[in-house]
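1. I'll drop the sequence and a predicted model, then ask my questions.
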Amino acid sequence: MKVRRYFAANMRNALEQVRQEQGPDVIILSNRKVDGGVELLTAIGEPDAELLEKFTPRGNRERAPEVLPDTVSLTPQPAPAAPEPLWTSQETVVQMQRELGAIKSLLEQQLSGFAWHEFGHRSPGQARLLRVLTQLGIAPKLGRSLVGGVEDHREFTAASRQMFAALQARISCLHDPVLQHGGHIALCGPTGVGKTTLASKLAGRYSLTHGSQKVALISTDDQRLGAHQQLRTFGRLVGITVRSLRSVDELPETLSEFRDRELVIIDLPGFAPADPAFRRTLSTLAGLPSMVHTYLTLCASTDFMALERVVDAVDGLPLEGCCITKLDEAATLGPVLSAVIAAQLPVAYTTAGQLVPDDLNIATPEALLQQLISMGNARPVPAEAALIEQAFTR
């Protein structure tokens, strides 16, 4: 049994040295932090109880060092005596949980790094495509799913076309549901994503075709006085009736009053993803006598993790689809497209700019994909290894 000591700047580099020099059938005897990095003590060959006793730290002697499957078993050790009950404080438990969480995170990073390294060697064409998607801002796991459907030996241009065709196929859109059909429409979403401006654009565009007397706007945002004022000002300018409510509980009576209007748009209050009041509000809408079609409003400049929290908050709620706002403020469409694809939310409209009602577009998969590519080419996201490695975490 041969014992070796490895030094490296970090645990990932140390494990990579061990893997390359000694292969998978190696025993990790110990690891510890040292000046300038970490130290690993490894062993390979037939187990030697004396050496194990000598090199294994005292705290680890009650159990044998871990080995990978298909290696020889260690010399059996006598069963340890049953430990006496120990008392510990809640603070100690919390600290242990933090340390275990940090170890788990470190191991996940190391494993995902190894997986990405192996993926690059095994499938270089797919790895190159994954870098391209990362530069476009596409979420890592969606990117890996997309490149997985592309044959690795294909010429890069043909492989790229196949990959983007698969991405376009996953983008679901609604064909102009509000402006074509009217009805009772509610716009929900976090504070500041542009719901009030979107409501004005939809109402203004519809009134140009059908007349302002066919449209009404309802503001239920009692937390932001500016929302009421913005809609009232817009209503006076274009001749659209605007009603401000103190709560959604007043909606049944107000909708009954507007029963002769072809399009009624309800501007709901902004919400935080963890706010239970939001789910109650949408449940109230679902229980109204007249059908209300609710659309989630997402800001294109929001990062993917924040978008994930938003779409998780609406999971299971009755939504028709979503609208994507502020494309002109976003560096890339990758995060928002990744979020709506993961949530299987069809996109109805997009907005870019503050002009009412001009800066409003009917969403199509082709247009969204082209804008994603053009924005990504203009300002690519750095394809850092740590970001791509997230595609290989469980």
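-> All right, it came through fine.
2. just so I have it, where are all the strands in this protein?
-> 2-8, 27-34, 37-44, 183-188, 215-219, 241-244, 263-267, 292-299, 321-325, 347-351, 360-362 (DSSP state E).
3. of all the ones you listed, which one comes closest to D315?
-> Nearest to D315 among the strands of the chain is strand 292-299 (11.0 Å), distances taken as C-beta to C-beta. Glycine gets a C-beta too; all of them are placed from N, C-alpha and C.
4. now tell me what touches the closest one from outside.
-> With C-beta atoms under 8 Å, 6 or more residues apart in numbering as the test, strand 292-299 has contacts from 177, 183-190, 192-195, 198, 255, 266, 282, 285-286, 307, 310-311, 314, 317-326, 329-330, 336, 339-340, 345, 348.
5. let's see 6 Å
-> With C-beta atoms under 6 Å, 6 or more residues apart in numbering as the test, strand 292-299 has contacts from 183-189, 193, 195, 285, 314, 319-326, 336.
6. isn't I44 up against I28?
-> No - between I44 and I28 there is no contact under C-beta atoms under 6 Å: 10.7 Å.
7. okay, now the unreliable bits of the stretch 1-150 of the chain?
-> By pLDDT under 70, the low-scoring segments of the stretch 1-150 of the chain are 1, 24-25, 46-97, 99-123.
8. rerun that using 90 as the cut-off
-> 1-137, 139-141, 143-145, 147-150 (pLDDT under 90).
9. repeat for the stretch 201-350 of the chain
-> 219-253, 256, 259, 268-291, 312-318.
10. returning to that earlier point: can you lay out the strands of the chain as JSON lines showing distance to P273?
-> Shown next, in JSON lines, are the strands of the chain (distance: least, C-beta to C-beta, whole Å):
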{"stretch": "strand 2-8", "distance to P273": "40"}
{"stretch": "strand 27-34", "distance to P273": "38"}
{"stretch": "strand 37-44", "distance to P273": "38"}
{"stretch": "strand 183-188", "distance to P273": "12"}
{"stretch": "strand 215-219", "distance to P273": "22"}
{"stretch": "strand 241-244", "distance to P273": "26"}
{"stretch": "strand 263-267", "distance to P273": "19"}
{"stretch": "strand 292-299", "distance to P273": "12"}
{"stretch": "strand 321-325", "distance to P273": "15"}
{"stretch": "strand 347-351", "distance to P273": "20"}
{"stretch": "strand 360-362", "distance to P273": "26"}
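11. in JSON lines, list the ones you listed along with distance to A277 and mean neighbour count.
-> As requested, the strands of the chain are arranged in JSON lines below (distance: least, C-beta to C-beta, whole Å; neighbours: other C-beta atoms under 10 Å):
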{"stretch": "strand 2-8", "distance to A277": "51", "mean neighbour count": "15"}
{"stretch": "strand 27-34", "distance to A277": "47", "mean neighbour count": "15"}
{"stretch": "strand 37-44", "distance to A277": "48", "mean neighbour count": "18"}
{"stretch": "strand 183-188", "distance to A277": "12", "mean neighbour count": "22"}
{"stretch": "strand 215-219", "distance to A277": "17", "mean neighbour count": "25"}
{"stretch": "strand 241-244", "distance to A277": "19", "mean neighbour count": "19"}
{"stretch": "strand 263-267", "distance to A277": "16", "mean neighbour count": "27"}
{"stretch": "strand 292-299", "distance to A277": "15", "mean neighbour count": "24"}
{"stretch": "strand 321-325", "distance to A277": "20", "mean neighbour count": "26"}
{"stretch": "strand 347-351", "distance to A277": "25", "mean neighbour count": "25"}
{"stretch": "strand 360-362", "distance to A277": "29", "mean neighbour count": "18"}
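12. out of those strands, the one nearest V147 is which?
-> So among the strands of the chain, strand 347-351 is nearest, using C-beta to C-beta, at 23.1 Å.
13. what's in contact with stretch 250-257?
-> Contacts with stretch 250-257, where a contact means C-beta under 6 Å, 6+ apart, come from I218, R243, L288, S290.
14. try it again at 8 Å.
-> Residues from elsewhere that reach stretch 250-257 (C-beta under 8 Å, 6+ apart): 184, 218, 220, 243, 245, 264, 266, 284-285, 288-290, 292.
15. brilliant, that's me finished.
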